[in-house]
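A.B. asks: heads up, no residue letters with this:
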């Protein structure tokens, strides 16, 4: 439902997702699949919607070697010596989570295909 102007409304849900890019879509799908009542709030109109994920051509990364990906990302984030613009623990956490992307997509696609048949 597209809403313009200022309106007041009341809805109770389990999960509110703000923004419908790839991350918002994944959050909404995951919450829904876990039995949650979900609402997605997006400020951009549908006809002009440009998310960060659409600007990156909808590409997502699925790391298949966490150690190698961590080294790669550390080198990308290295400023000088042992100075990084992103904390090394965050880089490691990102690579570990990114290694789960393919499994999530395959599980989700299979589950939703199975439900629609």
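C.D. replies: Arrived safely, thanks for sending. Owing to the predicted nature of the structure, the values given are computational and were not obtained by experimental measurement. Numbering: from 1, shown residues only.
A.B. asks: where's residue 23, which helix or strand?
C.D. replies: Remark: residue 23 resides in helix 22-33, with elements defined by DSSP states H and E.
A.B. asks: can you give me the offset of that helix from its chain's centre?
C.D. replies: Distance of helix 22-33 from the chain centroid (C-alpha atoms, centre = their mean, to the nearest Å) equals 7 Å.
A.B. asks: Which residues does that helix contact?
C.D. replies: Contacts to helix 22-33, defined as C-beta atoms under 8 Å, 6 or more residues apart in numbering, come from residues 14-15, 17-18, 20, 38, 40, 42, 51-53, 58, 60, 104, 108, 111. For every residue, glycine as well, the C-beta is placed using N, CA and C.
A.B. asks: outside of the worst-scoring helix or strand of the chain on mean pLDDT, which residues touch it?
C.D. replies: The element with the least model confidence among the helices and strands of the chain, by mean pLDDT, DSSP states H and E, is helix 52-55, at a mean of 72. The contact list for helix 52-55 (C-beta under 8 Å, 6+ apart) reads 21, 22, 23, 60.
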